[in-house]
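K.L.:
Here's a sequence, model it:
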Amino acid sequence: MTAHTYRRWLSIALSMAIVAAVAVVLLTTNLAKVADAHGTTVDPASRNYSCWSRWGSRFQDPVMATEDPMCWQAWQYDPNAMWNWNGLFREGVAGNHQAAVPDGQLCSAGHTSSGRYNAMDTVGDWKAQSIANTFNVKLYDQAGHGADYVYVYVTKQGFNPITQALKWSDLELVGQIGNRPVGQWTTESAGGWSTLIGASAPGRTGRHMVYTIWQASHLDQSYYFCADVNFGGSNPSPSTSASASPSASPSTSPSASTSPSASTSPTSSSGTKSCSTAYTVVNQWSGGFQGQVAVTAGGSAISGWKVTMTWPNGQVVTSAWNGTATTSGTVTTVTNTGWNGSLAAGAGTTFGFLANAGSTNAPPVLTCSAT
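P.N.:
Residues are numbered from 1 along each chain as shown. Take a look at the predicted model:
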């Protein structure tokens, strides 16, 4: 073999090796995409799917902070919860859902995926879809997992999702299916499959939550979805057509701590009107945290409230929802919005916020005044 022939042979061999390597990478990537595709409830829509469907194309639009504050706090906490709306699951639960998912963490599947979905547990006025007392849950499956079973729950009458964290004892089973292989599901034009689970929740009025557990058939993989609904309401329903997942966005939020803290303030009054507060650190990370304050009316109905938070360690509130916040020096003042100022005696509401903090993050001194 001449030197020229050898060099030509070597060049061809290297080219073939590169082509083969690229083919392997492409095949592996495509298989990974298929393996990573999962699903969610799209009608009523799960919290993170609902936020993605409304804001995915303009998730940096500041108008979200006022138009949709609960989705805003979720995007600020970790946008990957929305980009990965189809991945809210746990593995190896073996059917023991209540042991795997603690009270107060039902919407994040027990802080699954290293806390990516923790903001789904945040209590507040999430956008709600109006439904009838007899309804269907539409479950969308991107990967053809099928179902060993699906359970649909609705909160009991008297539960208030705007002010209360969801617990297992708040739920009543209202619909279910057994084994349903993907061949019995409906093929979606955009790709994937969907199925309907009938449910009936008589006696419910007003705001509630629909909680769905989907046990996929391919693995011991359990999905958990919170959807906010309004029985008898008139707000328009969101779009329920399934669509393919966008490319994942790089994470822009730090991982969260799962050790919240809480404090309460004494009741303050203005004449005969009074209110009290309870402060909670929902999540925290290096350099910042997410807080929440519950405001409760005293012995008389009130038409408005104002909370002051005096920070001991230089904390700075950067955004707030369900309230209007202003900061002067070490004091942040939050007043009610137009819809959550009027509270009956003993009734309550919440507002939330994001803030910067140093290594020490002691609770603020709170006061509450009412009109």
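K.L.:
in the sheet, who's paired with residue 40?
P.N.:
residue 140 (DSSP bridges).
K.L.:
Would you mind confirming that it is in contact with residue 89?
P.N.:
No: look at residue 40 against residue 89 with C-beta atoms under 8 Å: they stay out of range, at 9.8 Å. Where C-beta positions appear, they are placed from N, C-alpha and C, glycine not excepted.
K.L.:
Between those two, point out the one with more neighbours.
P.N.:
residue 40 (28 against 22; other C-beta atoms under 10 Å).
K.L.:
Please name the residues that touch the residue most central in space within the chain.
P.N.:
For the chain, the residue sitting closest to the mean C-alpha position, by C-alpha atoms, centre = their mean, is residue 120 at 2.3 Å. Applying C-beta atoms under 8 Å, 6 or more residues apart in numbering, we find residue 120 in contact with 47, 48, 74, 81, 88, 107, 108, 226.
K.L.:
and the third one, what helix or strand is that in?
P.N.:
Translated: residue 74. Counting by DSSP states H and E, the element that carries residue 74 is helix 69-77.
K.L.:
Just list what that helix packs against, helices and strands only.
P.N.:
Judged by 3 or more C-beta pairs under 8 Å, 6 or more residues apart in numbering; DSSP states H and E, the packing partners of helix 69-77 are helix 47-55, helix 64-67, helix 80-83, strand 316-321, strand 348-356.
K.L.:
How far away from the center of its chain is it?
P.N.:
Its chain's average C-alpha position is 9 Å from that of helix 69-77, according to C-alpha atoms, centre = their mean, to the nearest Å.
K.L.:
Do me a favour and get the end-to-end distance for stretch 201-209?
P.N.:
Length of stretch 201-209, first residue to last, C-alpha to C-alpha, to the nearest Å: 11 Å.
K.L.:
related to what we said a few turns ago, from the helices and strands packed on helix 69-77, which stretch is densest packed?
P.N.:
Of all the helices and strands packed on helix 69-77, helix 47-55 carries the top mean neighbour count, a mean of 26, counting by mean count of other C-beta atoms under 10 Å.
K.L.:
Report the distance from that helix to the chain centre.
P.N.:
9 Å.
K.L.:
packing partners for that helix?
P.N.:
Applying 3+ C-beta pairs under 8 Å, 6+ apart, we find helix 47-55 packed against strand 39-43, helix 69-77, helix 80-83, strand 221-231.
K.L.:
To residue 188, which of these lies closest?
P.N.:
Across the helices and strands packed on helix 47-55, residue 188 has its closest neighbour in strand 39-43 (9.7 Å, C-beta to C-beta).
K.L.:
Show me what the closest one is packed against.
P.N.:
By 3+ C-beta pairs under 8 Å, 6+ apart, strand 39-43 packs against helix 47-55, strand 134-141, strand 206-216, strand 221-231.
K.L.:
possible to save the ones you listed as CSV with distance to residue 148?
P.N.:
Formatted as CSV, the helices and strands packed on strand 39-43 follow (distance: least, C-beta to C-beta, whole Å):
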stretch, distance to residue 148
helix 47-55, 22
strand 134-141, 13
strand 206-216, 4
strand 221-231, 10
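K.L.:
Nearest to residue 283, out of the ones you listed?
P.N.:
Nearest of the helices and strands packed on strand 39-43 to residue 283, taken as C-beta to C-beta: helix 47-55 at 15.5 Å.
K.L.:
can I get the CA coordinates of that closest one in CSV?
P.N.:
Taking Å, rounded to 0.1, in the frame of the first residue of the first chain, the C-alpha atoms of helix 47-55 are listed here in CSV:
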residue,chain,number,x,y,z
ARG,A,47,-51.0,24.1,38.1
ASN,A,48,-47.7,24.0,36.3
TYR,A,49,-49.2,23.0,32.9
SER,A,50,-51.7,25.9,33.3
CYS,A,51,-48.9,28.4,34.0
TRP,A,52,-46.9,27.0,31.1
SER,A,53,-49.8,27.2,28.6
ARG,A,54,-50.6,30.8,29.6
TRP,A,55,-47.1,32.2,29.9
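K.L.:
pretty sure residue 364 is touching residue 307, no?
P.N.:
No: Residue 364 is not in contact with residue 307 according to C-beta under 8 Å; the separation is 9.7 Å.
K.L.:
Any idea how many residues pack against the closest residue to the residue nearest to the centre of the chain other than its chain neighbours?
P.N.:
Residue nearest to residue 120 in three dimensions, not counting chain neighbours: residue 107, with 3.9 Å by C-beta to C-beta, 6 or more residues apart in numbering. Other residues near residue 107 come to 29 when the count uses other C-beta under 10 Å.
K.L.:
OK, contacts around residue 107?
P.N.:
Counting by C-beta under 8 Å, 6+ apart, residue 107 touches 47, 117, 120, 121, 166, 224, 226.
K.L.:
From residue 99, how far off is residue 349?
P.N.:
According to C-beta to C-beta, to the nearest Å, residue 349 and residue 99 sit 32 Å apart.
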